[in-house]
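Colleague: Sharing a sequence plus its predicted fold:
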2 protein chains.
Amino acid sequence: MECTSSPGGIIDVPAGSVGYLLARAGGRAIRDLNRALEPYGLRSRHYTVLSASAARGGLSQRQLGGVLGVDPSAVVALVDDLERAGLVKREADPEDRRTRLVTLTERGHTTLARARELAAETDSALLGPLSGTERATLESLLRRIAGPPG
Amino acid sequence: MECTSSPGGIIDVPAGSVGYLLARAGGRAIRDLNRALEPYGLRSRHYTVLSASAARGGLSQRQLGGVLGVDPSAVVALVDDLERAGLVKREADPEDRRTRLVTLTERGHTTLARARELAAETDSALLGPLSGTERATLESLLRRIAGPPG
DNA sequence: TATTGTTATACTCTATAACTATA
DNA sequence: TATAGTTATAGAGTATAACAATA
């Protein structure tokens, strides 16, 4: 009977453990990023929406949901938050009046830049125990298994 | 403007992306395992409780929470479910009448064995794109960053 | 008829505080 | 007083169905 309080590491990992380790590390990554973004009134989901909108320049909400693997109804709430904070605008699509193109405001771009820094710092803290090449290896392996959204 | 429907892979990953990839892969792992366990009326959290209880043989609920990184109040609900399903028992601790030792029933052991198989299959499916050595590398890297529970 | 955005709803997960019985 | 278990509750995340406007 050793280390029952376990304050230093993972002791009992179920067989079939890689999924468990992924879920645990992923949960930690989200919690850490949420904490870092808290002063800006944002959460990690807002950051991904902001980032995807900037990268594509005027995505519809349906496209946002597809790219990020988020349900369209959830996208509505996230864009609501960002619009209320003045970080994005919903603009009319001249080609289809059903869709609303999400674009970043100037303030949205500056906030995104700051959020990127915070995300990079959070990543560095999480990956602290790993060397540079090990981090690259991990990212490469994760990209191959993370698969499509959903 | 390429692949806006993105049915084949992750296209727009925010900078500071390893955490994002971890969260995405971890979410997928949990969803897949939950789906596999559904016919048994269990979810992934039940499986970890079952597995940890078997490995240590008679853990208190407080210890379970510590080992798994789950809040004690959540442990109560999980053990309630498992006890109702006849998979675990709450036994009196002869040394401290406050604590209740969680142990597996015979049926709990057989169910755990089956759940282990399903978890291993789920892991294999998730890690399908990776070779054996790559899987080992991934697991090793994850163990170093997953850190203590919580 | 199909699709976009939207609302409403529900269930899981997580986290916190407070209560009880024991220590 | 401190701890183990428990209860209640609230928030975030996720998923589904249905509806209005538009295609």
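Modeller: Everything's here; your move.
Colleague: For the rest of this, base every contact and every neighbour count on C-alpha atoms.
Modeller: Will do.
Colleague: how about the helices in chain A?
Modeller: Defined through DSSP state H, the helices belonging to chain A, from first to last, are A:17-37, A:44-56, A:61-68, A:72-84, A:106-126, A:132-146.
Colleague: in chain A, which ranges drop under the pLDDT threshold?
Modeller: Counting by pLDDT under 70, the ranges of chain A that qualify are A:1-16, A:147-150.
Colleague: which parts of it sit against DNA strand C?
Modeller: The interface of chain A toward DNA strand C, taken as Cα under 7 Å from any atom of the strand, is made up of A:27, A:31, A:60-63, A:72-74, A:76, A:98-101.
Colleague: Nearest residue to A:Arg45 in space, ignoring adjacent ones along the chain?
Modeller: Nearest in space to A:Arg45, with sequence neighbours left out and distances taken as Cα to Cα, 6 or more residues apart in numbering or on different chains, is A:Leu78 at 7.5 Å.
Colleague: quick one: that neighbour and A:Tyr47 touch, right?
Modeller: No - shown here, A:Leu78 and A:Tyr47 do not form a contact pair, counting by Cα atoms under 8 Å, at 9.7 Å.
Colleague: quick one, which of the two is more surrounded?
Modeller: Higher neighbour count among A:Leu78 and A:Tyr47: A:Tyr47, with 22 against 19, using other Cα atoms under 10 Å in any protein chain shown.
Colleague: quick one: buried residues of stretch A:82-101?
Modeller: Taking 16 or more other Cα atoms under 10 Å in any protein chain shown as the basis for neighbour counts, the residues of stretch A:82-101 that come out buried are A:Leu82, A:Glu83, A:Leu87, A:Val88, A:Lys89, A:Arg90, A:Thr99, A:Arg100, A:Leu101.
Colleague: Quick check: bridge partners of the residue lying closest to the first one once chain neighbours are set aside?
Modeller: By that I understand A:Leu82. Nearest in space to A:Leu82, with sequence neighbours left out and distances taken as Cα to Cα, 6+ apart, is A:Val88 at 5.8 Å. The residues listed as beta-bridge partners of A:Val88 by DSSP bridges are A:Leu104.
Colleague: who touches A:Val88 in this structure?
Modeller: A:Val88 makes contact with A:Leu50, A:Val79, A:Leu82, A:Val102, A:Thr103, A:Leu104, A:Thr105, A:Gly108, according to Cα atoms under 8 Å, 6 or more residues apart in numbering or on different chains.
Colleague: Turn these into CSV, including distance to B:Arg116.
Modeller: Output for the contacts of A:Val88, formatted as CSV (distance: Cα to Cα, whole Å):
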residue, distance to B:Arg116
A:Leu50, 40
A:Val79, 41
A:Leu82, 43
A:Val102, 45
A:Thr103, 47
A:Leu104, 47
A:Thr105, 50
A:Gly108, 47
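Colleague: Just the closest of the residues you listed to A:Ala146, please.
Modeller: A:Leu50 (20.7 Å; Cα to Cα).
Colleague: which of the contacts of A:Val88 are buried?
Modeller: Neighbour-count burial (16+ other Cα under 10 Å) is assigned, among these, to A:Leu50, A:Val79, A:Leu82, A:Val102, A:Thr103, A:Leu104, A:Gly108.
Colleague: Go ahead and confirm the first one touches A:Arg114.
Modeller: No - shown here, A:Leu50 and A:Arg114 do not form a contact pair, counting by Cα under 8 Å, at 11.7 Å.
Colleague: Would you convert the buried ones among the contacts of A:Val88 into TSV that also reports distance to A:Val18?
Modeller: What follows is these, written out as TSV (distance: Cα to Cα, whole Å):
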residue	distance to A:Val18
A:Leu50	30
A:Val79	34
A:Leu82	35
A:Val102	37
A:Thr103	38
A:Leu104	38
A:Gly108	37
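Colleague: Please report the distance of the residue nearest to A:Arg45 from A:Leu50.
Modeller: With distances taken as Cα to Cα, to the nearest Å, A:Leu78 is found 10 Å from A:Leu50.
Colleague: Redo the helices of chain A as a markdown table? Include distance to B:Ala119.
Modeller: Formatted as a markdown table, the entries for these read as follows, by distance: least, Cα to Cα, whole Å:
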| stretch | distance to B:Ala119 |
| --- | --- |
| helix A:17-37 | 8 |
| helix A:44-56 | 28 |
| helix A:61-68 | 26 |
| helix A:72-84 | 30 |
| helix A:106-126 | 26 |
| helix A:132-146 | 16 |
